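Trainee: predicted model follows, preceded by the sequence.
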Amino acid sequence: MRSLSSAVVGAAWVAALPIVTLALSSCVTPGSPAPGRASPPAGYVASIQPPSVADLSPRSYQGIHNVVAYRDGFISGSAPEGDEGFQTLSAMGVRTIISVDGAEPEVARAAAHGIRYIHLPIGYDGFDEERKLQLIRAVRDAVKDSPVYIHCHHGKHRSAGAAATVAVSLGWLDPQAGVRRMHVSGTAPQYSGLYACAASAVVLASSTVDAVPAGFPSVWKPSGFVKGMVEIDGIYEHLMAIERTGWVAPADHPDLVPVAEAGRLADLFRLAGQTEYASRRPAEFGTMLEEAQAAAEALEDLLATGAADTAKLSTRFQLVAASCRDCHAKYRDQDGNKGVRE
Ligand code: HEC
C-alpha cells in the first residue's frame, strides 16, 4: 500500500492549501456531524476533566502524556502506561481507544477498565486512503457513545497526524486548524507525510463514511509476509552467531545446525515470494526475493560440503546480508513503502 501521493509531501502541501480550503467549503453538507462535545454514556460523570480544544499546550495526566484535544471528546496522546493510564482515561469517560502504533495494544488491561481497543497502525510517513477511511469511520461511530482517545507511542507524531486528518474529514476542524493542533501536539516538521494527510483532507459525505466496512480489530494481525520477515530475521541472527564461532554451532546454542539454518532461510525467501503481499509489488521485488533465496542456497551448498573454508563462507553470507539491505533500501525504508503494516 502506498501513502498519499509524494506530490503532496514536503513543502508542496503548503501550496495545496488554498485548493483544499475551496474544496472544503464546497464539500460541507447538511449531513456533516455538528461540532461539539461528544456526550458520555447516560448517567456517567467524568471525574477527571478532559483536555479542551482551546488548550494551547499539551496536558499531562497520571499514566498518559502529551494529551491534546482535536475536538472536545476526541483526544490524542501517548500510549497509556499501566493501570494508571487506563484509569485516567476511564475517569475522563473514554470507552474506546484507537491505537495507530505498531505495538500490540494492552487489550485485557483496557477491558478491565471498561475500555475497548481498536488497532489501526500507521507509519511515520502518513497513511493511505483505505486506512484514512477506516480511522474516520472508527472515530465517527465511537464518539457517538463516549469520548475517544487515539494514541501512538509518544503521542506526538502519528496519533496527532491521524487525529487532525480525522477531525478535518469529519468537519470538526478546517485543515489549517488541524495542522495547528498538530503543532500543539509537537509533531516534528520532518514528518511531512503526516502533515500532508491533514492538510489535504476534505470533509467527507456521511454516505462515503457509511460505505467503509466497520468491525475493526482490537489487535491488527500482520500479514504472512511480515511474519516471514520476523522469522527470516531470527534465522539471520542464528547465522551471525554461527559465523562468529567459525561456522560451527555456538556453545550457547549447540542445537543449531549451520547448513539447516541456511536451508531454512532459502525456504523462507521462497515462501515470502508466494505471499499475496509479494504479488502486489513490482516484478523486481519478486526477482530480489529470488536473488536472496539463491544467495542463501549458495551458502547452504557450501556448508553442505562440510569442509568449506570460513573466509569463503563469510563471503557468501555477506551476499545474503546485501540482499536484505538492498531490498529494504528500495522497498521498505523509503517514503511511501512503510506506511501501513499489511
Ligand atoms: C525482496 C525484499 C526483501 C528482502 C530480500 C528482505 N526483506 Fe526484510 N522486509 C522487506 C519488506 C518490504 C519489509 C516491510 C514489511 C512491512 O512491514 O510491510 C521487511 C521487513 C523486515 C523486518 C521487520 C519486520 C517487522 O516486524 O515489521 C525485518 C526484521 C526484516 N525485514 C529482516 C530481513 C532480513 C534479516 C533479511 C535478509 C536476511 C531480509 N529482511 C530480506 C523486504 C525484504
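Mentor: Sure thing, it's come through.
Trainee: close to the ligand, is stretch 232-244?
Mentor: Yes: in this structure, stretch 232-244 sits against the ligand according to Cβ under 6 Å from any ligand atom; the contacting residues are 232, 233, 236. For the C-beta atoms, the positions are set from N, CA and C on the backbone; glycine is no exception.
Trainee: out of the residues you listed, which are buried?
Mentor: Those of those that meet the buried threshold are 232, 236, by 16 or more other Cβ atoms under 10 Å.
Trainee: secondary structure added to the residues of stretch 232-244 next to the ligand, as a markdown table?
Mentor: Converted to a markdown table, these look like this (DSSP: H, G, I helix; E, B strand; the rest coil):
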| residue | secondary structure |
| --- | --- |
| 232 | helix |
| 233 | helix |
| 236 | helix |
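Trainee: out of the residues of stretch 232-244 next to the ligand, who's nearest residue 281?
Mentor: Within the residues of stretch 232-244 next to the ligand, distances to residue 281 taken as Cβ to Cβ reach their minimum at residue 232, with 16.4 Å.
Trainee: hmm, that closest one is touching residue 270, no?
Mentor: No: with contacts counted by Cβ atoms under 8 Å, residue 232 stays clear of residue 270, the gap being 11.3 Å.
Trainee: just the helices in the stretch 51-200 of the chain please.
Mentor: Counting by DSSP state H, counting those that start in this stretch, the stretch 51-200 of the chain forms helices over residues 82-91, 107-112, 129-143, 158-169, 175-185, 192-199, given from the N-terminal end onward.
Trainee: so for the ligand, which of these sits nearest?
Mentor: Between the ligand and the helices of the stretch 51-200 of the chain, the shortest gap by Cβ to the nearest ligand atom is with helix 129-143, which sits at 12.7 Å.
Trainee: would you map the helices across the stretch 201-342 of the chain?
Mentor: For the stretch 201-342 of the chain, applying DSSP H, counting those that start in this stretch gives helices covering 206-210, 224-244, 258-273, 276-279, 283-304, 310-331.
Trainee: most tightly surrounded among those?
Mentor: Scoring the helices of the stretch 201-342 of the chain by mean neighbour count under mean count of other Cβ atoms under 10 Å gives helix 258-273 as the most buried, with a mean of 20.
Trainee: just want the angle from that one to helix 224-244.
Mentor: Going by axes from the mean of the first three to the mean of the last three Cα atoms, to 10 degrees, helix 258-273 is angled at 160 degrees with respect to helix 224-244.
Trainee: what angle sits between the longest strand anywhere in the chain and helix 175-185?
Mentor: The residue-count maximum for a strand in the chain (DSSP state E) belongs to strand 64-71. Angle of strand 64-71 versus helix 175-185, following the same axes, to 10 degrees, is 170 degrees.
Trainee: packing partners for strand 64-71?
Mentor: strand 59-61, strand 74-77, helix 82-91, helix 158-169, helix 175-185 (3 or more Cβ pairs under 8 Å, 6 or more residues apart in numbering; DSSP states H and E).
Trainee: counting contacts, what elements does the first one pack onto?
Mentor: Going back to what we said before, that points to strand 59-61. In terms of contacts (3+ Cβ pairs under 8 Å, 6+ apart), strand 59-61 is packed against strand 64-71.
Trainee: ok, and what's touching the strand it packs on?
Mentor: Among residues not part of strand 64-71, those counted as contacts by Cβ atoms under 8 Å, 6 or more residues apart in numbering are 35, 38, 50-53, 55, 58-61, 75-78, 80-81, 85, 88-89, 143, 149, 151, 154-156, 160, 163-164, 166-167, 172-173, 178, 181, 184-186.
Trainee: restricted to buried residues, select those residues in ChimeraX.
Mentor: Restricted to buried positions by 16+ other Cβ under 10 Å, the ChimeraX selection for the contacts of strand 64-71 reads:
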select :38,50,51,53,58,59,61,75,76,77,78,80,85,88,89,143,149,151,154,155,156,160,163,164,166,167,172,173,178,181,184,185
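Trainee: got the residues of the chain near the ligand?
Mentor: Selection of the chain residues close to the ligand by Cβ under 6 Å from any ligand atom yields 226, 229-230, 232-233, 236, 285, 288-289, 292, 320, 323-324, 327-328, 331-332, 341-342.
Trainee: how about 5 Å then?
Mentor: Counting by Cβ under 5 Å from any ligand atom, the chain comes close to the ligand at 226, 229, 232-233, 236, 288-289, 292, 323-324, 327, 331-332, 341.
Trainee: mind putting those residues into TSV with pLDDT and distance to residue 193?
Mentor: Output for these, formatted as TSV (pLDDT from 0 to 100; distance: Cβ to Cβ, whole Å):
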residue	pLDDT	distance to residue 193
226	85	20
229	90	22
232	95	27
233	94	26
236	97	29
288	98	24
289	98	26
292	98	28
323	97	27
324	97	25
327	95	21
331	89	17
332	82	15
341	36	15
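Trainee: tell me which two of these sit farthest apart.
Mentor: Going by Cβ to Cβ, the pair spanning the residues of the chain next to the ligand furthest: 323 and 341, at 21.9 Å.
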